[in-house]
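Student: starting from these lines, generate the structure:
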Amino acid sequence: MGAKFSTSSKKRQARQSSSQRQNQFQTNSGSSDGSVMRFGRKFHDVSSSAYWFPNDDEEIDRLVGQHFALKTLFRGNVVEKCRESVPLEQGALVLDVGCGPGTWLMDMATEYPCSNFIGVDMCDIFPTNIRPSNVSFQVANVLERLPFPDNTFDFVNMRLFIIALRKEQWPTVIKELYRVLKPGGYLQSVECGMLERGNDFIVWAGQVFKDTIFSRGQEPHVASQLPTLQQNAGFIIEHYETKDIYLGKPSEDTIDGRAQPYFCSLLFQM
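Tutor: Okay, here's the model as predicted:
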């Protein structure tokens, strides 16, 4: 598999400060549809969503670990081009869509205390005890239009929607993120590829995962298709990179396999 990172930006000038915008969106909107138990694990019960991983405490622990693994892989929460172009030090308004337990948001909020951060997810698994003052959360589903006006955010973060969206839903979601970005705003996107290199077990496991994704109407190779989808929505790709995560310690003998690719892109909105 692999991860893809992308950023988008609009060139027109925004008319409201991030602090003014933040004050408009403090109240939670929408509500999750509850949850159901399957095989001893808790899953969402949102009928419009194709997401098929659990949303219980065990899964939250996995997502927290995944966050720090990706942060290490890409040398930070945002790519260097984004740090240069988005006014995070001065005060930006940032959206994390599909934020889950909000680990990326809270990490960013601590790193950039002058900016304000909003996380949205279809299920309320947001932190309640530890939360920086410049972070807020809302229940919302990007497939049902986000509860924000056009041209709201300086920066939007989106990652690992590969198991959350059906193939035909990707253009709708990318256009929605374009809508809520300010002119000159950036979208950072990270997606994973498939396990297609390695020993027989790795190849077998990767094929099982790929077949499961296909059976759910999803696209296992969406990472390689995203540049075209993003450009069709109006984005300009300003940065693109691929990183491998090795399933075990890499060496000269194993460099040929046991690796999952991750693709990162940074998109600029005109």
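
Student: would you map the strands across the stretch 1-150 of the chain?
Tutor: Assigned by DSSP state E, counting those that start in this stretch, the strands in the stretch 1-150 of the chain fall at 3-4, 35-38, 41-44, 93-97, 116-121, 135-139.

Student: which stretch among those strands comes nearest residue 106?
Tutor: Comparison of the strands of the stretch 1-150 of the chain against residue 106 by C-beta to C-beta identifies strand 135-139 as nearest, at 5.9 Å. For glycine as for every other residue, the C-beta is placed from the backbone atoms N, C-alpha and C.

Student: helices or strands next to the closest one in the packing?
Tutor: With contacts defined as 3 or more C-beta pairs under 8 Å, 6 or more residues apart in numbering; DSSP states H and E, strand 135-139 has these neighbours: helix 103-111, strand 116-121.

Student: where does the prediction get shaky in the stretch 1-150 of the chain?
Tutor: 1-34, 39, 42, 45-50, 52-53 (pLDDT under 70).

Student: closest to residue 233 out of the strands of the stretch 1-150 of the chain?
Tutor: Closest approach to residue 233 among these is made by strand 93-97 (14.3 Å; C-beta to C-beta).

Student: partners of the closest one, with directions?
Tutor: The strands beside strand 93-97 in its sheet (DSSP bridges) come out as strand 116-121 (parallel), strand 153-159 (parallel).

Student: what does the last one rub up against?
Tutor: Around strand 153-159, the neighbours that count as contacts under C-beta atoms under 8 Å, 6 or more residues apart in numbering are 3, 8, 14, 18, 21, 70, 78, 82, 86-88, 92-98, 104, 118, 177, 180-182, 185-191.

Student: next, the buried residues of the very next helix or strand once past it.
Tutor: Sequence-wise, the next helix or strand downstream of strand 153-159 (DSSP states H and E) is helix 170-180. Buried residues in helix 170-180, defined by neighbour count with 16 or more other C-beta atoms under 10 Å: 170, 173-174, 176-180.
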